[in-house]
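[1] Would you be able to build a 3D model of this:
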Amino acid sequence: MSGETSLFDHIFKSSGLADMLAPAKTTPAMRDALEKAVPLMELPPPEVETVEDIHIAGGEGPRNARVYIPTDAMDNGAGLVFFHGGGFTVGSLGTYDPFCRRLAAVSGVRIVSVDYRMAPEHRFPAAVDDALAAFDTVRAGRLQSFGFNADRLAVGGDSAGGNLTAIVTQQRRGEAIFQLLIYPLLQLVEIKRKKSRWQDGPFLAEPTLAHIREVYLPDPGTASDPRVSPLLAPDLRNLPPAYILAAELDPLLAEGAAYADKLAAFGVPVKRVEYAGVPHGFVNLTRLVSKAIPAINAAGKALQDAMAD
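    Okay, the predicted model is just below:
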């Protein structure tokens, strides 16, 4: 175990986060705990020019969303449609607010963060339908009043949000110009993974993945559907360039690497950056993990470079 991981382990326990985010909590309790844990997990993010809550189209009616316009927003109207992580069951606009502010500030790219429907109340394909509807709304120019250019859109997300990102880029092939995948959940087929200490960490462990399959999928047989497991899509041609951020101590490490290889095999430009000694979810731990802010900054620079004219 690396020194940073040992320090994180100590801080995570001594801060009370380990108790707040105990895996045995019910889904509503975990959602509430995550909201309350944000000040313990996150340092104050940089300022941005505008943050505004809006409504955006979803699969079965409007969804909440939050728009971030950085102080030095790119002149070409570049925008990112962002989907948060949380295993399709937790996470919110609020828990991802520090991350989105930080990414917008460092990249200069406008961001719209989408509050898609979650399980167990709304099972597959609700989240996918909401993600596609939200992207289609921005692509149709409905956020032009915020400066979004419908022809210069990226899609991004972490974990389950990375899953939705991969699906949107596959389903809307040729419409986004970049994809930002942060330790993405790319398949829900049951497989055996090599284990280490922090692969059974606070944000993702094998029992958590089993729980996601149980509550998200109405029919276990749909696990191999590319709209559930985009890693299994047979054709990845003509997808936008990808930046994949990986965490060494993550149960999803191998599937992220496999997706990078598969994208490259189909001729898609891809850059994958792996951070050593950090667990799944570390970009939301800026107060606890020293590599979190540099990782976000590097991803933001990659986003900025990709979205420039």
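[2] Which parts of stretch 37-50 count as buried, going by neighbours?
    Under the neighbour-count criterion of 16 or more other Cβ atoms under 10 Å, stretch 37-50 has 37, 38, 40, 41, 42, 45, 48 buried. For every residue, glycine as well, the C-beta is placed using N, CA and C.
[3] Regarding the chain, what is its longest strand?
    Secondary structure of the chain per DSSP state E: the longest strand is strand 270-279.
[4] Mind listing what's buried along that strand?
    270, 272, 275, 277, 278, 279.
[5] same thing with stretch 138-156?
    138-139, 142-143, 146-150, 152-156.
[6] a markdown table for those, including secondary structure, pLDDT and distance to residue 29?
    As requested, those are arranged in a markdown table below (DSSP: H, G, I helix; E, B strand; the rest coil; pLDDT from 0 to 100; distance: Cβ to Cβ, whole Å):
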| residue | secondary structure | pLDDT | distance to residue 29 |
| --- | --- | --- | --- |
| 138 | helix | 98 | 33 |
| 139 | helix | 98 | 37 |
| 142 | coil | 98 | 36 |
| 143 | coil | 98 | 34 |
| 146 | helix | 98 | 35 |
| 147 | coil | 98 | 39 |
| 148 | coil | 98 | 36 |
| 149 | coil | 98 | 41 |
| 150 | coil | 98 | 40 |
| 152 | coil | 98 | 41 |
| 153 | strand | 98 | 36 |
| 154 | strand | 98 | 34 |
| 155 | strand | 98 | 31 |
| 156 | strand | 98 | 28 |
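[7] Max pairwise distance over those residues: which two?
    Using Cβ to Cβ, the buried residues of stretch 138-156 span at most 18.9 Å, a distance reached by 142 and 156.
[8] Distance across stretch 230-248, terminal residue to terminal residue?
    Distance between the boundary residues of stretch 230-248 (Cα to Cα, to the nearest Å) amounts to 21 Å.
[9] Distance from the chain centre to that stretch, please.
    Centre-to-centre, stretch 230-248 and its host chain are 13 Å apart (Cα atoms, centre = their mean, to the nearest Å).
[10] buried stuff in that stretch?
    Result for stretch 230-248 [16+ other Cβ under 10 Å]: buried residues 230-231, 233, 236, 239-248.
[11] Ignoring the adjacent residues along the chain, who's closest to residue 307?
    Excluding its sequence neighbours, the residue lying closest to residue 307 (Cβ to Cβ, 6 or more residues apart in numbering) is residue 78, at 3.6 Å.
[12] For the one you found, list the residues it contacts.
    Contacts for residue 78 (Cβ atoms under 8 Å, 6 or more residues apart in numbering) come out as 108, 109, 110, 149, 152, 153, 154, 307, 308.
[13] which stretches of the chain form helices?
    Secondary structure of the chain (DSSP state H): helices located at 3-14, 17-20, 27-41, 97-107, 126-139, 160-171, 206-216, 253-265, 292-307.
[14] Flag the shaky bits of the stretch 151-300 of the chain, pLDDT-wise.
    Applying pLDDT under 70 to the stretch 151-300 of the chain flags the ranges 191-205.
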